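K.L.:
sequence first, then the predicted structure, then my questions.
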Amino acid sequence: GGGGGGEENGSDFTDFEAVVWGSTSPWYESVALAAGAKSVTTIEYNKLTYTHPKVTCVQPQDITHRLYDVAISTSSFDHDGLGRYGDPFDAYGDVKAMQLARCFLKPGGLMFFSVPVGPDVVVYNLHRRYGKLRLPSMLHRWEIVDIIGWDRNKLEEKEDFKRSYEPIFVLRKPTSKRMGSKSANPAPQPHEKTEL
């Protein structure tokens with residue numbers, strides 16, 4: 001894996017619209033603005049009061065459908081459906097959030113995504129950790145551009161649930177041409193060096 005963005009991947013990181021899924025501090029919003037975002041929308045269960053003129057904050061029940069160029073979700077979807085942050089209880093809340101994020105991206109749009117990786121476990125109501133069983137369901141119907149910090153051994157490495165290993169998955173929403181019968185149903189596979 002290389003950089004995971006920029007013109008070599010057909011992405012233009014200037015004047016783009018970004019969405020941040022889950023945020024309690026505007027770190028990723030700031031990174032997006034510094035990278036050239038013309039606007040950032042943060043979707044969060046808690047009512048936020050960010051005051052930057054290019055940042056809009058909405059709660060999930062108030063979102064309206066629109067398409068973004070870039071999405072960011074870091075250690076957010078692993079909490080969805082567990083009720084910890086005011087979200088409704090849903091055993092598949094994380095998978096549904098990932099599907100919803102794909103619906104809000106333009107075809108070819110990029111998503112920077114991280115969740116805890118290791119042997120599959122739910123630490124109620126703290127978070128989930130994603131391994132061989134649940135991680136493929138989160139990556140289903142995405143193209144994997146790159147995985148930054150990937151170590152395949154972590155999928156099976158026994159680790160205290162309080163310690164976190166979170167590689168960054170650089171994902172692309174397939175365009176209709178790319179969504180042919182080959183990739184429409186099976187979970188996408190990362191390139192050879194980073195097989196699940």
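P.N.:
Good, I have the coordinates.
K.L.:
contacts, neighbours, all on C-alpha from now
P.N.:
Will do.
K.L.:
below-threshold pLDDT in this structure: ranges please.
P.N.:
Within the chain, the set of residues satisfying pLDDT under 70 comprises 1-13, 177-196.
K.L.:
check whether Met138 sits in a helix, strand or coil.
P.N.:
helix (DSSP: H, G, I helix; E, B strand; the rest coil).
K.L.:
in contact with it, which residues?
P.N.:
By C-alpha atoms under 8 Å, 6 or more residues apart in numbering, Met138 lies in contact with Asp94, Val95, Met98.
K.L.:
can you list those residues in TSV and add distance to Lys47?
P.N.:
Listed next are the contacts of Met138 as TSV, based on distance: C-alpha to C-alpha, whole Å:
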residue	distance to Lys47
Asp94	20
Val95	23
Met98	21
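K.L.:
what number of residues lie near Thr51?
P.N.:
9 (other C-alpha atoms under 10 Å).
K.L.:
that should have said Lys54, apologies.
P.N.:
For Lys54, using other C-alpha under 10 Å, the count is 14.
K.L.:
mind checking how far it is from Tyr85?
P.N.:
Distance, Lys54 to Tyr85, by C-alpha to C-alpha, to the nearest Å: 25 Å.
K.L.:
what does Tyr130 give?
P.N.:
Taking C-alpha to C-alpha, one finds Tyr130 at 19 Å from Tyr85.
K.L.:
which one's more surrounded, these two?
P.N.:
Tyr130 (22 against 15).
K.L.:
how close does the more buried one sit to Gly93?
P.N.:
14 Å.
K.L.:
so what does the longest helix along the chain touch, helix or strand wise?
P.N.:
Taking DSSP state H as the criterion, the chain has its longest helix at helix 93-103. Under the contact criterion of 3 or more C-alpha pairs under 8 Å, 6 or more residues apart in numbering; DSSP states H and E, helix 93-103 touches helix 135-139.
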